[in-house]
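Student: show me the folded form of this:
(one chain, ligands or ions: 2)
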Amino acid sequence: MPAPTPALSRPDYRLPKSSEAFARAAKVIPGGVNSPARAFGAVGGEPPFMARAEGAYLHDIDGHKYIDYIGSWGPMIVGHAHPRVRAAVSDALVLGSSFGAPTVREAEIAEVVAAAVPSIAMARFVSSGTEATMSAIRVARGVTGRDKIVKMAGCYHGHADCLLIQAGSAATTLGTPNSPGVTAGAAADTLLCPFNDAEAVRRILEANPGRVAAVLLEPIAGNMGLVPPRPGYLETLRELTAKHETLLIFDEVMTGFRVAYGGAQERYGVTPDVTALGKIIGGGLPAAAYGASSEIMHRVSPTGPIYQAGTLSGNPLAMAAGLATLELLREPGLYDRLEALSARLAEGLEKAARDAGVPHVVQRVGSMLTLFFHDGPVHDYEDAKRSDTALFARFFWEMLARGVYLPCSQFEAAFVSAAHTEADVDHTVAAARESLAAVVG
Ligand SMILES: Cc1ncc(COP(=O)(O)O)c(C=O)c1O
Ligand SMILES: NCC(=O)CCC(=O)O
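Tutor: Ligands and ions are numbered 1, 2, ... in the order given. As a prediction, the model looks like this:
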């Protein structure tokens, strides 16, 4: 069983070894990190370097233990180093780590995904969420013969050129929502709408008849902080896209197997044409997928002309980790437990923020949530950007010092895992009370 949770208030919180490692890394890796989201750009300071993780906990190289609410940015829904996932990966490893040839397990996991996700009859596995959404867009363009796509401001879909336009996540806080290197040509085919504004999508589709291949969105936005769809929003997008013969693409890289086993499409009962999956589907190893009806997916190479490929796609270790994780998620009661734990956390944080008298709103769907330092509900990117990010940064560091590892930006969602306990959640809320008192006082 996990060791007891760490003590509150640590005045001696320092990261000398991490700082040394960061300086070393920064000489040979841009910013010392292999993904900007890890760089603490939004909160200042230097990140702890991690040594190991188990269950709901991370351990840094300076000897600190944290209750982890990042879960590797989403994948670790059953907790870190779960014994069943570890066993599956080590069993696979002794048989060889990559063949560049088909394996039975790829069909097995594709069957599991097709059974789970309403919009998917066939899926193609890739290695990252970026590839999944990029390929989904290519399929939509290939199938419809149209060029333009509609994207929602503040949604993040990875770093494909045409999707790095008003992207959320670290692209917001690192000041590059529209990255240099994205050509005007790539940007010109991306039409932007605010999230949660179906009328804006209607106007764009009407103004561009026969030209829009796809409307793409995170059905629950997680990359501007957690922003749920307004009632009826997804349903209206479904109607509009059907009417204009435009494909509806749900990027469920974050929400897939997270907000329900069948993702947001199961939770809200709205079925898109194409779905991108990632994160949980690889159980902490690099795997992602995109899927749709057989008719659409038969248009993908080699049965169809739309090309998409990958040396490590369907990698045996990633497939083993993904399958073991999805199997654990089918255990009865798992999502109910996640829901209850997450509700307890959201209520605790809400009450702590209210008692501290700071402007706040806690938004949650299932085990994804964000405490926004914003007065009133956040419906879109513009609302999210009005949050008090300076207050967030101070709160973040106070929490870290108290052993709670939150996403290092206001524009991210926190994730609760099945390995978290009520004691972890209560500890987190107690830490939030102390932290808020420290930042307000
Ligand atoms: C909704 C969403 N789509 C796509 C991606 C890109 O996935 P990856 O980082 O695996 O390329 C992410 C996260 O990174 C995401 O949150
Ligand atoms: N919500 C943002 C991500 O999940 C990105 C993680 C990363 O690029 O490290």
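Student: residues near the residue in the stretch 51-200 of the chain positioned nearest to ligand 1, how many?
Tutor: Nearest residue of the stretch 51-200 of the chain to ligand 1: Gly129, at 2.1 Å (CB to the nearest ligand atom). From N, CA and C alone the C-beta is placed, and that goes for glycine too. Counted with other CB atoms under 10 Å, the neighbours of Gly129 add up to 30.
Student: now do the residue nearest to Asp273 when sequence neighbours are not counted against ligand 2, distance only.
Tutor: In space, and not counting its chain neighbours, Asp273 is closest to Leu247: 4.2 Å by CB to CB, 6 or more residues apart in numbering. From Leu247 across to ligand 2, the span is 24 Å (CB to the nearest ligand atom, to the nearest Å).
Student: cool, and Met76?
Tutor: From Met76 to ligand 2 the distance is 12 Å (CB to the nearest ligand atom).
Student: just checking, that residue touches Val416?
Tutor: No. The pair Met76 / Val416 is not scored as a contact, 10.6 Å apart, by CB atoms under 8 Å.
Student: tell me if the strand or helix carrying Gly322 is near ligand 1.
Tutor: Gly322 belongs to helix 316-329 when assigned by DSSP states H and E. No. Using CB under 6 Å from any ligand atom, helix 316-329 stays clear of ligand 1, coming no nearer than 11.8 Å.
Student: average pLDDT for that helix?
Tutor: The pLDDT scores in helix 316-329 average 98.
Student: what parts of the stretch 301-441 of the chain come near ligand 2?
Tutor: Within the stretch 301-441 of the chain, the residues that sit near ligand 2 (CB under 6 Å from any ligand atom) are Glu412.
Student: and the residue nearest to Asp273, what does it touch?
Tutor: Listed by CB atoms under 8 Å, 6 or more residues apart in numbering, the contact set of Leu247 reads Ala140, Val143, Thr144, Ala213, Ala214, Val215, Thr241, Pro272, Asp273, Val274, Ile296.
Student: quick one: buried residues of stretch 185-193?
Tutor: By neighbour count on 16 or more other CB atoms under 10 Å, the buried set for stretch 185-193 is Asp189, Thr190, Leu191, Leu192, Cys193.
Student: thought Ser18 was touching Phe40?
Tutor: No. Contact criterion CB under 8 Å: Ser18 and Phe40 do not qualify, at 10.8 Å.
Student: shared neighbours, those two?
Tutor: In contact with both Ser18 and Phe40: Glu46, Pro47, using CB under 8 Å, 6+ apart.
Student: so where is the stretch 1-150 of the chain shaky, pLDDT-wise?
Tutor: Along the stretch 1-150 of the chain, segments meeting pLDDT under 70 span 1-11.
Student: all strands for it, in order.
Tutor: All strands of the stretch 1-150 of the chain, identified by DSSP state E, counting those that start in this stretch, fall at 50-54, 57-60, 65-68, 122-126, 148-153.
Student: could you export these as CSV, including distance to ligand 2 and mean neighbour count?
Tutor: Formatted as CSV, those follow (distance: least, CB to the nearest ligand atom, whole Å; neighbours: other CB atoms under 10 Å):
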stretch, distance to ligand 2, mean neighbour count
strand 50-54, 13, 15
strand 57-60, 15, 21
strand 65-68, 14, 23
strand 122-126, 16, 24
strand 148-153, 15, 24
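Student: redo these as CSV? Include distance to ligand 1.
Tutor: Formatted as CSV, the strands of the stretch 1-150 of the chain follow (distance: least, CB to the nearest ligand atom, whole Å):
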stretch, distance to ligand 1
strand 50-54, 18
strand 57-60, 19
strand 65-68, 17
strand 122-126, 9
strand 148-153, 11
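Student: so who does Ala276 touch?
Tutor: Contacts of Ala276 (CB under 8 Å, 6+ apart): 129, 132-133, 135-136, 157, 249-253, 288-290.
Student: of these, closest to Gly304?
Tutor: Closest to Gly304 out of those is Ser135 (12.7 Å), distances taken as CB to CB.
Student: torsion angles phi and psi at the residue lying closest to the closest one once chain neighbours are set aside?
Tutor: Excluding the flanking residues, the one nearest Ser135 by CB to CB, 6+ apart is Gln308, at 4.8 Å. The phi/psi pair for Gln308 (degrees, to the nearest 10) reads phi -170, psi 140.
Student: check which helices and strands the helix holding Gly322 sits against.
Tutor: If contacts are counted by 3 or more CB pairs under 8 Å, 6 or more residues apart in numbering; DSSP states H and E, helix 316-329 sits against helix 83-93, helix 104-116.
Student: can you lay out these as TSV showing mean neighbour count?
Tutor: Below are the helices and strands packed on helix 316-329 laid out as TSV (neighbours: other CB atoms under 10 Å):
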stretch	mean neighbour count
helix 83-93	16
helix 104-116	16
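Student: hmm, back to that, tell me which of the buried residues of stretch 185-193 fall in strands.
Tutor: Thr190, Leu191, Leu192, Cys193 (DSSP state E).
Student: and of the residues you listed, the nearest to Ala88?
Tutor: Ranked by distance to Ala88 (CB to CB), those are led by Thr190 at 38.9 Å.
Student: so Arg138 sits against Ile306, correct?
Tutor: Yes. Arg138 sits in contact with Ile306 when judged by CB under 8 Å, with a separation of 6.1 Å.
Student: pull up the residues of the protein that are close to ligand 1.
Tutor: Residues of the chain that fall close to ligand 1, judged by CB under 6 Å from any ligand atom: 128-130, 133, 156-158, 218, 222-223, 251, 253-254, 278, 288.
Student: so of these, which ones are in helices?
Tutor: Judged by DSSP state H, the residues of the chain next to ligand 1 include Gly129, Thr130, Thr133 as members of helices.
Student: hmm, back to that, got the angle between the helix holding Gly322 and strand 122-126?
Tutor: Compare the direction of helix 316-329 with that of strand 122-126 by axes from the mean of the first three to the mean of the last three CA atoms, to 10 degrees and you get 130 degrees.
Student: CA atoms of the helix or strand following helix 316-329 as CSV?
Tutor: Per DSSP H and E, helix 316-329 leads on to helix 334-356 as the next helix or strand towards the C-terminus. Output of helix 334-356 as CSV, limited to C-alpha atoms (Å, rounded to 0.1, in the frame of the first residue of the first chain):
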residue,chain,number,x,y,z
LEU,A,334,-14.4,2.4,-11.4
TYR,A,335,-15.9,5.5,-13.1
ASP,A,336,-18.3,6.0,-10.1
ARG,A,337,-15.4,6.0,-7.8
LEU,A,338,-13.5,8.5,-10.0
GLU,A,339,-16.7,10.7,-10.0
ALA,A,340,-17.1,10.6,-6.3
LEU,A,341,-13.4,11.4,-5.5
SER,A,342,-13.4,14.2,-8.1
ALA,A,343,-16.6,15.7,-6.7
ARG,A,344,-15.1,15.6,-3.2
LEU,A,345,-12.0,17.4,-4.5
ALA,A,346,-14.0,20.0,-6.5
GLU,A,347,-16.3,20.8,-3.6
GLY,A,348,-13.3,21.0,-1.2
LEU,A,349,-11.4,23.4,-3.5
GLU,A,350,-14.6,25.5,-4.1
LYS,A,351,-15.2,25.9,-0.4
ALA,A,352,-11.5,26.7,0.4
ALA,A,353,-11.5,29.4,-2.3
ARG,A,354,-14.8,30.8,-1.1
ASP,A,355,-13.6,30.9,2.5
ALA,A,356,-10.4,32.7,1.3
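Student: thank you kindly, that will do.
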